[in-house]
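Asks: Next comes the sequence, and after it the predicted model I'd like to discuss.
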Amino acid sequence: MAKQIKSDEIDRERLRLLGFTKAEADTFLALLKVDPASVSGVAEASGVPRTTTGVVLRRLGERGLVRKLPDSYRSVWKVKDLRKLESAAGETIAYLKKENAEEVPRAKEIVGEIEAADIGIRVFRGTRQIKRAYEGMLGLSRAERVYFIQGNKPAKWMLAAEEEEYFKKFHKRFKKRGIIMEGIAGEAIFDIFEKISVPFLRSHMNRLLIGRVVPDEYMNFNMDIFIMRDRAFFVGLEQKIVIVVRLAPMVEALRGIYGALAGLGRPIDLNAYLRALIEKRGGK
């Protein structure tokens, strides 16, 4: 029994690392055990309130992980096909195992969590959780993209000497994973690149980045925003706060805002720009 409980906890945390909320992870694992089952049966097995269970099952159904069986009298659900989950999660799980990532936030780092109907909000505090949010990108598969909006003030975080080594290692891991990023930054990013060291500049090169630069008047805010899968992340570096939101209309709205900003900007060949900047400095 103890081994089963420990195994369930490991599976639950792995699912949450893949973007599942607590209710989603609990519900999915419960359905695996009682499959097929009614909403009430899954709720009883998972400990998740019945009203929430119904919403979560529909959400998992939209992701292609479970399906509702035809039944005239009850709402009966069944795990659809684990291959889709395994395909999406395989690279992530392998990566996390290899990197031996810390999976569970410390109690003092958790500010709060809301799990209601179609909304999931998690708020974390601390530098470790900020880095953990960024490193969540490394769990994406090569077929996925991350959309990144970088405020001018957070961009200056790169100038902190104590963060340079961290970012150099992060860039190396990002490139190795072969993940595509579409990013938007303000014109101020060029002033920042002028101030950082050549080794740091080199770490920025050869990423799979589709970059655009927009006027600073649109980017003078103190937050990084990025979107991946069905999640939006708001990172306040000054406050050391990370807000993770799962709300489909909000995520879609942010994708639209990203598109509008991209339309205002101009494309930049970051590799060519950095190569010229390094040559201007004599490669030192």
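Replies: Alright, I've got the coordinates.

Asks: Please enumerate the helices of the stretch 101-250 of the chain.
Replies: 127-135, 152-155, 161-177, 188-195, 198-204, 248-264 (DSSP state H, counting those that start in this stretch).

Asks: Could you save those as a markdown table and add columns showing distance to residue 210, mean pLDDT and mean neighbour count?
Replies: For the C-beta atoms, the positions are set from N, CA and C on the backbone; glycine is no exception. Output for these, formatted as a markdown table (distance: least, Cβ to Cβ, whole Å; pLDDT from 0 to 100; neighbours: other Cβ atoms under 10 Å):
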| stretch | distance to residue 210 | mean pLDDT | mean neighbour count |
| --- | --- | --- | --- |
| helix 127-135 | 18 | 86 | 17 |
| helix 152-155 | 18 | 81 | 19 |
| helix 161-177 | 14 | 83 | 14 |
| helix 188-195 | 15 | 90 | 15 |
| helix 198-204 | 14 | 90 | 17 |
| helix 248-264 | 9 | 85 | 14 |
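
Asks: Endpoint to endpoint, stretch 265-273 covers what distance?
Replies: 16 Å (Cα to Cα, to the nearest Å).

Asks: the bottom helix or strand of this protein by mean pLDDT?
Replies: helix 82-99 (a mean of 56; mean pLDDT, DSSP states H and E).

Asks: sorry, back to before: closest one to residue 23 among the helices of the stretch 101-250 of the chain?
Replies: helix 248-264 (15.7 Å; Cβ to Cβ).

Asks: that older thread, among the helices of the stretch 101-250 of the chain, which is nearest residue 219?
Replies: Here helix 152-155 is closest among the helices of the stretch 101-250 of the chain (Cβ to Cβ), at 4.9 Å.

Asks: which helices and strands sit right next to that closest one?
Replies: Packing partners of helix 152-155 (3 or more Cβ pairs under 8 Å, 6 or more residues apart in numbering; DSSP states H and E): strand 180-186, helix 188-195.

Asks: ok so, going back, would you tell me which of the helices of the stretch 101-250 of the chain gets closest to residue 41?
Replies: helix 248-264 (26.7 Å).

Asks: Remind me what that closest one packs against, helices and strands.
Replies: Using 3+ Cβ pairs under 8 Å, 6+ apart, helix 248-264 sits against strand 145-150, strand 180-186, strand 208-214, strand 224-228, strand 231-236.

Asks: Adding mean neighbour count, mean pLDDT and distance to residue 258 as columns, could you present the ones you listed in JSON lines?
Replies: Listed next are these as JSON lines, based on neighbours: other Cβ atoms under 10 Å; pLDDT from 0 to 100; distance: least, Cβ to Cβ, whole Å:
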{"stretch": "strand 145-150", "mean neighbour count": "21", "mean pLDDT": "90", "distance to residue 258": "5"}
{"stretch": "strand 180-186", "mean neighbour count": "20", "mean pLDDT": "90", "distance to residue 258": "7"}
{"stretch": "strand 208-214", "mean neighbour count": "18", "mean pLDDT": "88", "distance to residue 258": "10"}
{"stretch": "strand 224-228", "mean neighbour count": "21", "mean pLDDT": "91", "distance to residue 258": "7"}
{"stretch": "strand 231-236", "mean neighbour count": "20", "mean pLDDT": "91", "distance to residue 258": "10"}
